[in-house]
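In: Kindly return the folded structure for what I paste below:
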Amino acid sequence: MNRRREGLERLDNVISQWTRIGAGFSAAHSPEPPDLERLLLETARQAPHMARLFIMAATWLHRYGDLVAKHRLKRVIRDEREPEHHAALGLLLDIAQQGTHPEKFASIILELAPASEARPLFDVERANAKLAERSRRRASPISTRWRLWCEEIEFKDDALRPASWLMRENPGLVMRADFRGDLRASVLAALAHDADAGRSERDLARSCGGSRAQVRSALENLELTGKALRSRKDHERRTRISLGRPEGKAVAAS
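Out: Numbering: from 1, shown residues only. Sure thing, here's the model as predicted:
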């Protein structure tokens, strides 16, 4: 019973985070903006339990996928390995990028592999032989490729909050929109969500998924507009990095 309760709590937490960034669930939204890249991994874990979660996540990513910090997402996938969920994440991203040119998540999908055994995506179909067979017959070509059967997904665009609401309620996403998922977005996301990212340029490069040279170049750009700050205390050899002023206040990295 405790394990089931814990599972429900994790699912509720994921839904509250998606609600916070504009997905259409009748749930209270989380008080803080989510760590978007880790939310995607947790969504891959939880989506088999709830078809609407998968559909709404795919819809959101189809519209707002440029907000994902792609370098950091690849780093999180590599370092926080749970291969059993990689196929679900790959399927989610592959569906979400359909109709986009260039495909938004192509470089990330290269990091992921299909399921080791073909089966329905959703638990309710896995638990019933007749439903499992129906799922196999109706599986979309993309889901067949990922070996997680599901029917064609119809995006629920009318269930998303508009971009104006999304940016007003989550001002940290404005910069992600400006950067369209490039390394600068990963630098800011790492500083905001990874406790050790600001200790040095080396730690920041490790957290955001870029090389030290790439990160140094990104930091130079971010410093010009006060979005990131570099400092060095007396007798310290390492350069420490912190967030700048997203809403007019300096925010120190942990």
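In: Just the C-alpha atoms of stretch 148-168, please, in CSV.
Out: In CSV, the C-alpha atoms belonging to stretch 148-168 read as follows (Å, rounded to 0.1, in the frame of the first residue of the first chain):
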residue,chain,number,x,y,z
LEU,A,148,6.1,0.7,-27.3
TRP,A,149,2.8,0.3,-29.0
CYS,A,150,0.3,3.2,-28.9
GLU,A,151,-2.2,4.7,-31.4
GLU,A,152,-1.5,7.9,-33.3
ILE,A,153,-1.4,10.8,-30.9
GLU,A,154,-3.7,13.8,-31.6
PHE,A,155,-2.2,16.9,-30.1
LYS,A,156,-4.5,18.7,-27.7
ASP,A,157,-3.5,22.3,-28.5
ASP,A,158,-6.7,23.7,-27.1
ALA,A,159,-5.8,22.3,-23.7
LEU,A,160,-2.6,24.4,-23.4
ARG,A,161,-2.3,27.8,-21.9
PRO,A,162,-1.2,30.5,-24.4
ALA,A,163,2.4,31.6,-24.6
SER,A,164,1.6,34.9,-22.9
TRP,A,165,0.3,33.1,-19.8
LEU,A,166,3.2,30.7,-19.8
MET,A,167,5.8,33.5,-19.8
ARG,A,168,4.0,35.6,-17.3
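In: Isn't His71 up against Leu188?
Out: No - applying C-beta atoms under 8 Å, one finds His71 not in contact with Leu188, separated by 11.4 Å. In short, each C-beta sits where N, CA and C put it, glycine included.
In: which of those two has more neighbours?
Out: More neighbours surround His71 than the other of His71 and Leu188, with 28 against 25 (other C-beta atoms under 10 Å).
In: which residues sit in contact with that one?
Out: The contact partners of His71, by C-beta atoms under 8 Å, 6 or more residues apart in numbering, come to 182-183, 186, 208-210.
In: can you pick the most crowded of the residues you listed?
Out: Ser186 (31 neighbours).
In: which SSE is it in?
Out: helix 183-193 (DSSP states H and E).
In: just checking, what packs against that helix?
Out: Helix 183-193 sits against helix 36-46, helix 70-79, helix 172-179, helix 201-208, helix 212-224, strand 228-231, strand 240-243, with contacts defined as 3 or more C-beta pairs under 8 Å, 6 or more residues apart in numbering; DSSP states H and E.
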